[in-house]
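Participant: attaching a predicted model along with its sequence, questions to come.
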Amino acid sequence: MAASSIASQTPAPQAEHFDVLIVGAGVSGIGGAYHLTKQCPEKRFVVLEALESFGGTWLMHKYPGVRSDSDLYTFGYRFKPWVGQPIATAEAIRQYMGEVIEENHLDQHIRYGHRILSASWSSNQKLWTVHAERKADGAKLTFTTHFLWMCQGYYRHSEGYTPAWQGMADFKGQVVHPQTWPEDLDYKGKKVICIGSGATAATVVPAIAGDCEHVTLLQRSPTYFIPGLNRNELADMLRSLEVNEEWIHEIVRRKLISDQRELTRRSFEDAEKLTEELLAGVRAFLKPEFDMEPHFTPRYRPWQQRIAFVPEGDLFQGINAGKASVVTDEVDRFTAKGILLKSGRELEADIIITATGFNLCVMGDIAFDVDGRKVDWADTVTYHGMMFTGVPNLLWIFGYFRASWTLRVDILADFVCRLLKHMDAKGAKQVNVALRPEDQNMPILQWMDPQDFNPGYLMRDMHLLPKRGNKPEWMHTQDYWSEKDVIPAINLDAPEFVYDAGSDAPKASARRTKVEVTG
């Protein structure tokens, strides 16, 4: 089915029309596609993916040892059992996703190598017009859709974040960011510095330590880790009893979610005791003489930044073996031979790895407009961290930080399918979320409270993100344990939803949509 080309494009290729257009074939997009086929089989949809295959993060990241930092029983989908190790390699995760695609015939809906350039909403036509480029031949393509489902993630795949340190050009060795790891990088027998303290650094260091002359983990400040065996005792026990894998997946998933909830609760209500337990867990993997205070004792409470699981304590095993070491200090400048620290010490290196985070990317860096007006996402207010004032017929999957990302994929996929059915039943072609009269004087705040969660990538680019209010429905609470009940119970006829069946219907733009930070 083809739709006529949009009049504002002259000349324009013929537009191909879909009921729903999903952006991205990563874990969110594949999950969304699955739920559409099961819950809305009558909907015609397409998944546009800029990369050459599916997987998103798990396709892009090529650095040694790349793995999940949360368990696959909860990171995996609710509808497909996970049967491997809890902490999985990128290869294993992509195999799992590939099985979802094959078993549900999703490949017919996915178009790889399609980079979206712009998306324009027309209130007259009740359509999104999406302009894309096909990488294989550079062809410019046009799609129209009633509903745009943003599943592209939240960081820029093309480049990672590296601070502009003084003297970087003076360094005679090689500087590498894990996000753009060269396939031919030879680190065998080399002296390596890995700058960073998060999950990526904790993955790269043990993965290369055995081949390097030595690898130094250089961090400005410590982070929290949970080391342990890469196995799930409950799953193993249930398998020994020959319990069905579907049952095992659900039971283990529920147990882990319950454990995560308790960990999150304690991070707020019993932070001091929890900190002691987390540090004791790390201390158990290190030699008694190792000085924990400067290197593995964070200055913030647990869960203000993400906590990474370290399978088999491999990072600490490398330190014990003398193949890796930790230096907690700040970079003063790069030198020809390595890095001069602010303490005055110089670390020598052949290779410097900057595991220093990534660049936030709001809506895939796609140029959006609504009725000819450019969308500035920072001028919108989020509804439950998924829809946005002034932007019709669009939902963004932004997952959880304190629980597995994919838990929200399933929840929001259910919501999208319910919303689409509700719109059909009402005969509505457009839906906006808009602040209600009682919200007009509500404080407008940043996307997330820094006292709640404050990783560097979020703090650097918070100004680019949509705003939140001080009421639960106008924020992304990051609380899976609440949302699993709240979002399925949302009243789709509540006053914050404004539907439009035709040009004579009232528009949501009559309500407050542009915002300023008030707190």
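Facilitator: Everything's here; your move. Numbers count the residues shown, from 1 in each chain.

Participant: so who does residue 62 touch?
Facilitator: Neighbouring residues of residue 62 by CB atoms under 8 Å, 6 or more residues apart in numbering: 181, 183. Heads up, the C-betas are built off the backbone N, CA and C, glycines and all.

Participant: if you set the cut-off to 10 Å instead, what comes out?
Facilitator: Contact analysis of residue 62 by CB atoms under 10 Å, 6 or more residues apart in numbering lists 90, 178-183, 185.

Participant: buried only: go through these for me.
Facilitator: 90, 178-179, 181, 185 (16 or more other CB atoms under 10 Å).

Participant: next one: the longest strand along the chain to chain centre, how far?
Facilitator: Scanning the chain for the strand with the most residues, using DSSP state E, yields strand 139-150. The chain centre lies 22 Å from the centre of strand 139-150; the measure is CA atoms, centre = their mean, to the nearest Å.

Participant: which parts of it are buried?
Facilitator: Buried residues in strand 139-150, counted by 16+ other CB under 10 Å: 141-150.

Participant: could you give the mean pLDDT of the helix or strand just after that strand?
Facilitator: Counting by DSSP states H and E, the next helix or strand C-terminal to strand 139-150 is strand 155-160. For strand 155-160, mean pLDDT rounds to 86.

Participant: likewise stretch 405-424?
Facilitator: On average, stretch 405-424 scores 97.

Participant: what's the answer for stretch 48-62, then?
Facilitator: Average pLDDT, stretch 48-62: 95.

Participant: all helices for the stretch 51-200 of the chain, in order.
Facilitator: Remark: helices assigned in the stretch 51-200 of the chain by DSSP state H, counting those that start in this stretch are 57-60, 72-75, 90-103, 199-209.

Participant: of all the ones you listed, which one is nearest residue 402?
Facilitator: helix 72-75 (11.4 Å; CB to CB).

Participant: and the contacts of that closest one?
Facilitator: The contact list for helix 72-75, computed with CB under 10 Å, 6+ apart, reads 27, 68-69, 81-88, 92-93, 96, 232, 234-235, 248-257, 259-260, 399-400, 403-407, 409, 480.

Participant: from these, which would you call buried?
Facilitator: Using 16+ other CB under 10 Å as the burial test, those include 27, 68-69, 81-82, 85-88, 92-93, 96, 232, 235, 248-249, 252-253, 256-257, 260, 399-400, 403-407, 409, 480 as buried.

Participant: so what's the closest residue in space to residue 245 that isn't next to it in sequence up against?
Facilitator: Closest residue to residue 245 apart from its sequence neighbours, by CB to CB, 6 or more residues apart in numbering: residue 81 at 4.4 Å. Contacts for residue 81 (CB under 10 Å, 6+ apart) come out as 73, 96, 235, 244-250, 252-253.

Participant: now do 7 Å
Facilitator: By CB atoms under 7 Å, 6 or more residues apart in numbering, the contact set of residue 81 is 245-246, 248-249.

Participant: so can I have JSON lines of those residues showing distance to residue 55?
Facilitator: Listed next are the contacts of residue 81 as JSON lines, based on distance: CB to CB, whole Å:
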{"residue": "245", "distance to residue 55": "23"}
{"residue": "246", "distance to residue 55": "24"}
{"residue": "248", "distance to residue 55": "25"}
{"residue": "249", "distance to residue 55": "21"}
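
Participant: quick check: the farthest pair among those?
Facilitator: Largest pairwise distance in those, by CB to CB, is 7.3 Å, between 246 and 248.

Participant: flag every buried residue along the helix or strand residue 418 falls within.
Facilitator: Assessed by DSSP H and E, residue 418 sits inside helix 405-426. Using 16+ other CB under 10 Å as the test for burial, helix 405-426 gives 405-413, 415-420, 423.

Participant: tell me which two in the residues you listed are the farthest apart.
Facilitator: Within those, 405 and 423 form the most distant pair, 26.8 Å apart (CB to CB).

Participant: how far away is residue 116 from residue 501?
Facilitator: 28 Å (CB to CB, to the nearest Å).

Participant: so what pLDDT did residue 113 get?
Facilitator: pLDDT recorded at residue 113 is 98.

Participant: contacting residues for it?
Facilitator: Residues in contact with residue 113, defined by CB under 7 Å, 6+ apart, are 52, 134-136.

Participant: now it. Nearest residue, chain neighbours left out?
Facilitator: The shortest distance from residue 113 to any non-neighbouring residue, by CB to CB, 6+ apart, is to residue 135 (4.1 Å).

Participant: pLDDT on stretch 252-260, on average?
Facilitator: Computed over stretch 252-260, the average pLDDT equals 96.

Participant: count of neighbours near the closest residue in space to residue 83 that isn't next to it in sequence?
Facilitator: Nearest residue to residue 83, sequence neighbours excluded (CB to CB, 6+ apart): residue 245, at 5.9 Å. Using other CB atoms under 10 Å, residue 245 has 14 neighbouring residues.

Participant: surely residue 245 meets residue 84?
Facilitator: No. Contact criterion CB atoms under 7 Å: residue 245 and residue 84 do not qualify, at 11.4 Å.

Participant: three-state assignment of the nearest residue to residue 228 once chain neighbours are set aside?
Facilitator: Closest residue to residue 228 apart from its sequence neighbours, by CB to CB, 6+ apart: residue 309 at 6.8 Å. Counting by DSSP: H, G, I helix; E, B strand; the rest coil, the backbone at residue 309 sits in strand.

Participant: so who does residue 309 touch?
Facilitator: 69-70, 87, 226, 228.

Participant: poorly predicted segments of the protein, please.
Facilitator: Scanning the chain for pLDDT under 70 picks out the ranges 1-13, 454, 503-519.

Participant: residue boundaries of the helices in the stretch 251-400 of the chain?
Facilitator: Ranges of helices in the stretch 251-400 of the chain, per DSSP H, counting those that start in this stretch, are 271-283, 292-296, 314-320.

Participant: you'd agree residue 461 is up against residue 358?
Facilitator: No. In this structure, residue 461 is not within contact of residue 358 by CB under 7 Å, at 10.0 Å.

Participant: about what we covered before: would you format the helices of the stretch 51-200 of the chain as TSV with distance to residue 430 included?
Facilitator: Below are the helices of the stretch 51-200 of the chain laid out as TSV (distance: least, CB to CB, whole Å):
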stretch	distance to residue 430
helix 57-60	33
helix 72-75	34
helix 90-103	31
helix 199-209	41
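
Participant: appreciated, that's everything.
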